[in-house]
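*Asks:* I need the structure of the sequence given here:
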Amino acid sequence: MPEPSMPEPSMSAPSTSAPYVHLSATDVLESVAAYGEYGETEIKQLRQSWDGLPVDRFMKGGASYRRRRYSEFQLTDRGLVRAPHGAFRQSLAVNPLHGGVAREFEPVEQEVAESPLLTALVRTLLARLPGSFDSATGGIGIHQIRIVASREAEGLPAPEGIHEDGHHFVAQVLLRRENVEGGVSQVYDREKNPLFRTLLTEPFETVVIDDRRVFHGVSAVEVAEGTPVGVRDMMLVDFFPRRAEQDASDHPESR
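*Replies:* Alright, predicted model coming up:
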């Protein structure tokens, strides 16, 4: 697959009045196609990578309905460059349920990390952020998350309830929704008044939020009537400023 020929933007679009953007699957895929030719094979390979996600061992009470991988990257003119693997951290103030713990998730598999389709998707999201972001100094976190619902238990995409993630922007990209009900994405203002809600149904349908201006949440996912198990696969893409010590390690001459 050839590398995208389009120039790499270093800065996303200026801030808009709304603190969130809802992108249809058609909109996302048409934007991705501007960076290269990605057919059903590439899309299928990316979506199938969710089948190998390990159980999130940091869930409270030993719950096993969430599967997860996570890696950090920087977006360059050469594409996504993986950062040294480390723990995913959130403060207790941001995440009272799971914050304050260095959660060491298994990394995104190399084939996924090197996928030109993933790079094109991140570039598409960067261009559609509801605010400004400098990719030259910013970091990008990629979460692959699968929620499994069964007759024995529903799945909670956001067990912490209405929350923030502690980043500048977060993109919520649906990859698969099979044999499930529920899972309504909801956005709230800083007083936690409802602003927007939608049910993501088509692969690559996306909601992008300014995490500094809103809270968000997702309702429970239940297995559909007449089926034993259902899944909801999401890719979360975090956009955040890189740590000073990380920049120094990348550029030792500056120390």
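*Asks:* From now on I want contacts and neighbour counts done on CA atoms only, so please keep to that.
*Replies:* Noted.
*Asks:* Let me see the contact set for H22.
*Replies:* Going by C-alpha atoms under 8 Å, 6 or more residues apart in numbering, H22 touches 205-208.
*Asks:* Apply 7 Å and report the result again.
*Replies:* Residues near H22 by C-alpha atoms under 7 Å, 6 or more residues apart in numbering: 206-208.
*Asks:* Specify which member of the residues you listed is nearest to K44.
*Replies:* When the contacts of H22 are ranked by distance to K44 (C-alpha to C-alpha), T206 comes first, at 17.8 Å.
*Asks:* quick check: mean pLDDT across stretch 71-89?
*Replies:* Mean pLDDT, computed over stretch 71-89, is 89.
*Asks:* in that stretch, what's buried?
*Replies:* Within stretch 71-89, the residues scored as buried using 16 or more other C-alpha atoms under 10 Å are 71-75, 79-82.
*Asks:* which among these gets closest to R146?
*Replies:* Nearest to R146 among those, with distances taken as C-alpha to C-alpha, is S71, at 15.5 Å.
*Asks:* host element of the closest one?
*Replies:* In the assignment (DSSP states H and E), S71 maps to strand 66-76.
*Asks:* Which residues does that strand contact?
*Replies:* 53-56, 80-83, 85, 105-108, 135, 138-148.
*Asks:* Only C-alpha atoms, please: export it in CSV.
*Replies:* What follows is strand 66-76, C-alpha atoms only, in CSV (Å, rounded to 0.1, in the frame of the first residue of the first chain):
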residue,chain,number,x,y,z
ARG,A,66,-14.0,-5.6,28.4
ARG,A,67,-11.1,-6.4,26.0
ARG,A,68,-8.4,-3.9,25.4
ARG,A,69,-5.1,-2.9,23.8
TYR,A,70,-3.4,0.5,24.0
SER,A,71,-0.4,2.3,22.4
GLU,A,72,0.9,5.9,22.1
PHE,A,73,2.1,7.4,18.9
GLN,A,74,3.3,10.6,17.3
LEU,A,75,2.0,11.6,13.9
THR,A,76,4.8,12.6,11.5
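*Asks:* farthest pair in the buried residues of stretch 71-89?
*Replies:* S71 and G79 (14.8 Å).
*Asks:* Could I get the full set of strands for the protein?
*Replies:* For the chain, the strands defined by DSSP state E occupy 20-23, 66-76, 79-82, 138-150, 169-178, 180-182, 185-188, 194-198, 206-210, 215-218, 221-223, 229-241.
*Asks:* What lies in contact with the fifth one?
*Replies:* To tie it back to what came earlier, the one meant is strand 169-178. Contacts of strand 169-178 (C-alpha under 7 Å, 6+ apart): 47, 200-201, 203-211, 230-240.
*Asks:* do the same with stretch 133-144
*Replies:* 10-12, 50, 68-75, 234-242.
*Asks:* count of residues packed around the nearest residue to S185 once chain neighbours are set aside?
*Replies:* Leaving aside its sequence neighbours, S185 sits nearest to V218 (C-alpha to C-alpha, 6 or more residues apart in numbering; 4.6 Å). Residues contacting V218 under the criterion other C-alpha atoms under 10 Å number 22.
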